[in-house]
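Chemist: All I have is the shape, not the residue letters:
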């Protein structure tokens, strides 16, 4: 069993006072023990970042771009190890873990390109209605930032926050999830070798109570960027409000996939399974509500049952596995409770709903599909974060849009139709930050990530992700 340092401050790895047990979710065996940190470690890391800020914030864009590209190259060089750690610690099948590594590389490269443009465009003129004054706009790093990332996409959510923060000139204290720290620690080792000045990047593993709360409350932190549950996001925002710091939140979703009457049924089935069962459904973007045109519904659910039951569960490190386990025992229990509550509420179980008999060990739940789900039930309205789809027939395009928008969340949606005019009309009517049309859930660094309503405050990726770590300064000078 590995015993790993869980604190990295001012260029030095340290063993913190709070041990974290890291479990392999496919066999329930301990993978490692990580010596995580506490509030005192957060204070030291924040101080180190404050000391480093003056130097890093005054570096050129090309200097920052060079570091970001070095990180991307380091991730590529350690690809195999990072994929293995993802699969072992998170439960992702190898193919999914490889996609994560590709995403990390693409994100660091994208923000390196943006940083390269800073030196020419740091200042820009502002048109004024008078010749008596001239004005210029500056975009400056907001300071030391705290990054709190979740367990479902380790490394990916870190890259989405860390790359733009470093590109902007911010210094960072990162808190990985205590559930899945192994790939994050390996990524941190890559970053530690990339040529950053000591103190620019710091990491403190630990629990939300010990580390996350301390980060959110520290008055020296200028901004918190958090991805996780709505319940914890509210707590982060409350803590941050005490020192009036900036906050970006990426929270929950209860998204819909709309299969319109002119849909390609084969494509609809493929995308329904990808949207519901990728990463064992542990995605804020899971399209767990499937709304199907009446004319297609009967055929759709028969074929969906067959397709869901054909998904191969097993060891994520085995190349033939299509879906791995849930991340830990707590999540396994939570999803089972949702399934039981759905049955109690009168939903009809089409398939799945339990552990596969051939997998007596590990946190596995078969791909699960419900029909006739009451619209007021938790199964329909709450984020489950597991491999559970709810399928419903709709009589019209208008009904599909109304049901999709009837949610406190508004993160993503998917629309499937050969009639592109109808698909675009529906996409425009949906209250969601990102809509895919006849496409899997592809995410590009160039396009924003975030949603409406209770799904998000702010946006990640694209130039908007960079702006999240910048302050706006105008300088007005009399002629």
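Modeler: It's in. No experiment lies behind these values; they were computed from the predicted model shown.

Chemist: now the closest residue to residue 113 other than its chain neighbours: how far from residue 73?
Modeler: Leaving aside its sequence neighbours, residue 113 sits nearest to residue 65 (Cβ to Cβ, 6 or more residues apart in numbering; 7.3 Å). Glycine gets a C-beta too; all of them are placed from N, C-alpha and C. Using Cβ to Cβ, to the nearest Å, residue 65 is found at 13 Å from residue 73.

Chemist: hmm, back to that, in what helix or strand does the residue nearest to residue 113 lie?
Modeler: helix 61-77 (DSSP states H and E).

Chemist: That helix - contacts with which helices or strands?
Modeler: Helix 61-77 sits against helix 94-116, helix 118-121, helix 156-168, helix 182-192, with contacts defined as 3 or more Cβ pairs under 8 Å, 6 or more residues apart in numbering; DSSP states H and E.

Chemist: which residues are in contact with the last one?
Modeler: Residues from elsewhere that reach helix 182-192, judged by Cβ atoms under 8 Å, 6 or more residues apart in numbering: 4, 6, 8, 11, 13, 22, 31-32, 34, 71, 74-75, 78, 81-82, 85-86, 88-90, 104, 149, 154-155, 158, 162, 174, 176-177, 201, 203, 205.

Chemist: Partner strands of the next helix or strand after it, with direction?
Modeler: Next helix or strand after helix 182-192 toward the C-terminus (DSSP H and E): strand 201-204. Paired neighbours of strand 201-204 in the sheet (DSSP bridges): strand 7-9 (antiparallel), strand 171-175 (parallel).

Chemist: tell me the mean pLDDT for strand 201-204?
Modeler: The average pLDDT for strand 201-204 rounds to 98.

Chemist: moving C-terminal of it, what's the next helix or strand?
Modeler: Next element after strand 201-204 (DSSP H and E): helix 213-217.

Chemist: Give me the distance from stretch 142-160 to the chain's centre.
Modeler: 8 Å (Cα atoms, centre = their mean, to the nearest Å).

Chemist: and if you look at stretch 196-204?
Modeler: Taking the mean of its C-alpha atoms, stretch 196-204 sits 22 Å from the chain's own mean (Cα atoms, centre = their mean).

Chemist: With stretch 454-464 instead?
Modeler: Using Cα atoms, centre = their mean, the offset of stretch 454-464 from its chain centre is 11 Å.

Chemist: picking up where we left off before, which of residue 65 and residue 73 has more neighbours?
Modeler: Set residue 65 next to residue 73 and count neighbours by other Cβ atoms under 10 Å: residue 65 wins out with 23 against 15.

Chemist: OK, contacts around the more buried one?
Modeler: Residues near residue 65 by Cβ under 8 Å, 6+ apart: 112-113, 115-116, 167.

Chemist: run the last query once more with 10 Å
Modeler: Applying Cβ atoms under 10 Å, 6 or more residues apart in numbering, we find residue 65 in contact with 108-109, 111-119, 166-167.

Chemist: And residue 379, by the same measure?
Modeler: If you count contacts by Cβ under 10 Å, 6+ apart, then residue 379 has 288-289, 338-347, 370, 373, 388, 390 around it.

Chemist: In terms of pLDDT, where does it sit?
Modeler: pLDDT recorded at residue 379 is 97.

Chemist: Could you give the backbone dihedrals for it?
Modeler: Torsion angles at residue 379 (phi, psi; degrees, to the nearest 10) stand at phi -60, psi -40.

Chemist: burial of the residue lying closest to it once chain neighbours are set aside, as a residue count?
Modeler: For residue 379, ignoring the flanking residues on the chain, the nearest one in space by Cβ to Cβ, 6+ apart is residue 342 at 3.6 Å. Close neighbours of residue 342, defined as other Cβ under 10 Å, add up to 24.

Chemist: and residue 342, which of the three is it?
Modeler: Under DSSP: H, G, I helix; E, B strand; the rest coil, residue 342 falls in the helix class.

Chemist: Who are the contact partners of the closest residue to residue 16 other than its chain neighbours?
Modeler: Of all residues not flanking residue 16 in the chain, residue 37 sits nearest, at 3.7 Å (Cβ to Cβ, 6+ apart). Neighbouring residues of residue 37 by Cβ under 10 Å, 6+ apart: 5-9, 14-18, 20, 43-45, 175, 203-207, 210-211, 214.

Chemist: what are the phi and psi angles of the spatially closest residue to residue 246 that is not a sequence neighbour?
Modeler: Using Cβ to Cβ, 6+ apart and skipping residues adjacent in sequence, the residue nearest residue 246 is residue 223, 3.7 Å away. Backbone geometry at residue 223, expressed as degrees, to the nearest 10, gives phi -150, psi 150.

Chemist: Could you pull up the residues touching residue 223?
Modeler: Residues near residue 223 by Cβ under 10 Å, 6+ apart: 141-147, 165, 170, 240, 245-248, 458, 468-469, 471.

Chemist: Just the buried ones out of the residues you listed, please.
Modeler: Using 16 or more other Cβ atoms under 10 Å as the burial test, the contacts of residue 223 include 141-147, 165, 170, 240, 245-248, 458, 468-469 as buried.
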